[in-house]
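Engineer: quick one, structure for this:
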Amino acid sequence: MMQLHIRDAVIDYEIVHRPVKYARLEFKDGMLRVIVPKGYGNAAAFVGKNTDWIYNKHLYLQRVIALVGEKRLEKKRAEPHFYSLIESIVQRLQQELEVEVRDLTFRKMKRKWASCSSNKKLVFNRHMMYLPDSLIEYIVYHELLHLIEFKHNKRFWNLVEARYPQRKEYDLELAAYWHLIKKTFY
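Structural biologist: The predicted structure is shown next:
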């Protein structure tokens, strides 16, 4: 393990050689992983080019970790109630946004809160039942917007922020809850 010193931060990191095409950076369990193709020559230069991103992501994760201490997972509703809550939010928002959902399912997912496919199928993570109603509605709205703008581009985020100007705070809260769910269930 190595350490990277950026401004006032000391960030632990490791270099991982994998059979990938391009180098990338990821934080996993609080540690920076520099994933590079096998035989990649200068991982240190790659890290050096990305210090701003690394520092900003590190600060964000520190905020998430601080917020985790304030959050608790409480099963506020039984699964059938949770499913009907999601269904009612979907019905209301699809009318408001003038979009059509073809299928709606629930399952436990290890990497995301929800997904939307190009064939208008929504899948929601069953762990959302531990979230406050405001965050549940935010996730549903986010997924339904993908029926208008499929990619996370500027137009998409403008649509999100038109309704949720506090979206960055919501994203931070969701990251904190995600950390708790991973710690509790995985």
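
Engineer: can you show me the strands along this protein?
Structural biologist: Applying DSSP state E to the chain gives strands spanning 2-6, 9-18, 24-28, 31-37, 103-107, 114-116, 121-125.

Engineer: okay if I get the ones you listed as JSON lines plus mean pLDDT, distance to residue 183 and mean neighbour count?
Structural biologist: In this view, the C-beta of every residue, glycine as well, is placed from N, C-alpha and C. Putting those into JSON lines (pLDDT from 0 to 100; distance: least, C-beta to C-beta, whole Å; neighbours: other C-beta atoms under 10 Å) gives the following:
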{"stretch": "strand 2-6", "mean pLDDT": "88", "distance to residue 183": "25", "mean neighbour count": "13"}
{"stretch": "strand 9-18", "mean pLDDT": "90", "distance to residue 183": "19", "mean neighbour count": "14"}
{"stretch": "strand 24-28", "mean pLDDT": "90", "distance to residue 183": "14", "mean neighbour count": "13"}
{"stretch": "strand 31-37", "mean pLDDT": "91", "distance to residue 183": "16", "mean neighbour count": "18"}
{"stretch": "strand 103-107", "mean pLDDT": "97", "distance to residue 183": "20", "mean neighbour count": "13"}
{"stretch": "strand 114-116", "mean pLDDT": "97", "distance to residue 183": "20", "mean neighbour count": "17"}
{"stretch": "strand 121-125", "mean pLDDT": "98", "distance to residue 183": "16", "mean neighbour count": "20"}
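
Engineer: in a markdown table, list those along with distance to residue 44.
Structural biologist: Listed next are the strands of the chain as a markdown table, based on distance: least, C-beta to C-beta, whole Å:
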| stretch | distance to residue 44 |
| --- | --- |
| strand 2-6 | 9 |
| strand 9-18 | 9 |
| strand 24-28 | 13 |
| strand 31-37 | 9 |
| strand 103-107 | 41 |
| strand 114-116 | 36 |
| strand 121-125 | 38 |
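
Engineer: quick one, which of the ones you listed gets closest to residue 87.
Structural biologist: With respect to residue 87, and counting by C-beta to C-beta, the nearest of these is strand 103-107 at 6.6 Å.
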